[in-house]
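> have a look at this prediction, sequence included:
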Amino acid sequence: MIAPLFLLGLPGSLLAFFMTVPDASALPYRLAPLTPSHLEAMLTLDHVCYGGYWSAQGYLDELERPNSLVWGSFWQANGEEGSPLSVDGESLVGFAILWQIFNEAHLISLAVHPRHRRRGIARCLLHQLCRLAANQGCEWATLEVQEDNQAARSLYENLGFQVVGRRKGYYSLEDGRSADALIYWKKPLL
């Protein structure tokens, strides 16, 4: 079973954690706020996870928007220096973006590299963003997820989110069809 161990009390706004994987080896990950210096890595991860859904300008807007929380999960690159995901010797393997709108937190994007999934990264990113949003006065959270994304739905439901509605045709698929989004809410936020 995968169980994250949080190491709190680190300097600044960083949160470091280690994940225990089924073979009992420890893989180091670090959560940190993202900046425009991470834009290329975010675009690469977007392409891997979503097929290039967002533009560079879209991510840059989020990185500079005062009501956006944009955090990433970093993994020690271990020889991957120069890869598009590598920034200062670490690889960006996941990121999440959350809007703070009055007392509502709205998760707008959550991506984890396929090779790093099922290690608790998405859970840690979402928990960190919800904690930060709650500290800034947000009382509940909402998000949309494609109806057939069972892994994401399971994560959100395990974290206490509940389905409250549907947006017909919300997602445009590559083959020209559309897919519905389920609307999830969580109150209280933590």
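That came through fine.

> what bridges to V112?
G94 (DSSP bridges).

> quick one: the strands in this protein, in order.
3-7, 15-20, 26-33, 68-76, 86-87, 90-101, 104-112, 140-146, 162-172, 178-186 (DSSP state E).

> what's the separation between Y29 and L143?
The spacing between Y29 and L143, counted by Cβ to Cβ, to the nearest Å, is 22 Å. Every C-beta, even on glycine, is put in place using the N, C-alpha and C of the backbone.

> when those two are compared, which one has more neighbours?
Taking other Cβ atoms under 10 Å, Y29 and L143 do not tie; Y29 has more neighbours (24 against 21).

> what's opposite the more buried one in the beta bridge?
Bridge pairing for Y29 - DSSP bridges - gives F17, W75.

> make a markdown table from the strands of the chain and add mean pLDDT and distance to C49 to it.
Output for these, formatted as a markdown table (pLDDT from 0 to 100; distance: least, Cβ to Cβ, whole Å):
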| stretch | mean pLDDT | distance to C49 |
| --- | --- | --- |
| strand 3-7 | 32 | 21 |
| strand 15-20 | 35 | 19 |
| strand 26-33 | 79 | 17 |
| strand 68-76 | 94 | 13 |
| strand 86-87 | 60 | 17 |
| strand 90-101 | 94 | 9 |
| strand 104-112 | 97 | 4 |
| strand 140-146 | 97 | 13 |
| strand 162-172 | 95 | 14 |
| strand 178-186 | 97 | 16 |
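
> which stretch among these comes nearest A41?
Comparison of the strands of the chain against A41 by Cβ to Cβ identifies strand 90-101 as nearest, at 4.0 Å.

> and that closest one, what does it pack onto?
Secondary-structure packing of strand 90-101 (3 or more Cβ pairs under 8 Å, 6 or more residues apart in numbering; DSSP states H and E): helix 39-50, strand 68-76, strand 104-112, helix 121-135.

> quick revisit: distance to G120 for the strands of the chain - can I get that in JSON lines?
As requested, the strands of the chain are exported to JSON lines (distance: least, Cβ to Cβ, whole Å):
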{"stretch": "strand 3-7", "distance to G120": "4"}
{"stretch": "strand 15-20", "distance to G120": "6"}
{"stretch": "strand 26-33", "distance to G120": "9"}
{"stretch": "strand 68-76", "distance to G120": "10"}
{"stretch": "strand 86-87", "distance to G120": "22"}
{"stretch": "strand 90-101", "distance to G120": "10"}
{"stretch": "strand 104-112", "distance to G120": "10"}
{"stretch": "strand 140-146", "distance to G120": "18"}
{"stretch": "strand 162-172", "distance to G120": "22"}
{"stretch": "strand 178-186", "distance to G120": "18"}
